[in-house]
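Asker: could you look at this predicted model? Sequence included:
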Amino acid sequence: MLEAPPDPADDPADDTADDTGEVTLMSESVVATIAGLAACAVPGVVDEGEGAPSAVATVGRTHATVDLTLVAETGADLAELMADVRRSIADSVQRMTDLRVTEVTVTVVDVRRPGTATHHLR
């Protein structure tokens, strides 16, 4: 797991201003949406209805962290799936926002066949 970044606002050397001196900040909801869409693009992630991935993001000036819950397709290699999801999220957020993702926590909350209702075995 990646270590949480220091608060970028506390770093006077952090220069996120563009050539005009303006600073662009990214909304946490935008980063969470990007993360959810990136997770849906990974084969083995259920991306419909109640099984759609749900993400929460924390955003600083140059870094972001993401907590994501998802439902996996039955039979998926969960360790590989989670690694692919982390990579997809980090790549997509970096490409679209220029924020460096320092941590992605993935929680698999269920497994099911695509197109079926969520089920829980007890």
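Answerer: Great, that's in hand.
Asker: please, where are all the helices along this structure?
Answerer: Here the chain has its helices, by DSSP state H, at 28-40, 78-97.
Asker: separation between residue 46 and residue 58?
Answerer: Distance, residue 46 to residue 58, by C-beta to C-beta, to the nearest Å: 25 Å. For the C-beta atoms, the positions are set from N, CA and C on the backbone; glycine is no exception.
Asker: who has more neighbours, these two?
Answerer: residue 46 (24 against 16; other C-beta atoms under 10 Å).
Asker: so who does that one touch?
Answerer: Residues in contact with residue 46 (C-beta atoms under 8 Å, 6 or more residues apart in numbering) are 52, 70, 71, 72, 73, 112, 114.
Asker: which non-adjacent residue is nearest it?
Answerer: Leaving out its chain neighbours, the residue that sits closest to residue 46 by C-beta to C-beta, 6 or more residues apart in numbering is residue 71, at 4.2 Å.
Asker: and for residue 56?
Answerer: residue 67 (4.8 Å).
Asker: how many neighbours does the one you found have?
Answerer: Neighbourhood size, residue 67 [other C-beta under 10 Å]: 16.
Asker: what about the chain, any weak spots by pLDDT?
Answerer: 1-19, 21-23, 115-122 (pLDDT under 70).
Asker: now do 90
Answerer: By pLDDT under 90, the low-scoring segments of the chain are 1-26, 47-52, 113-122.
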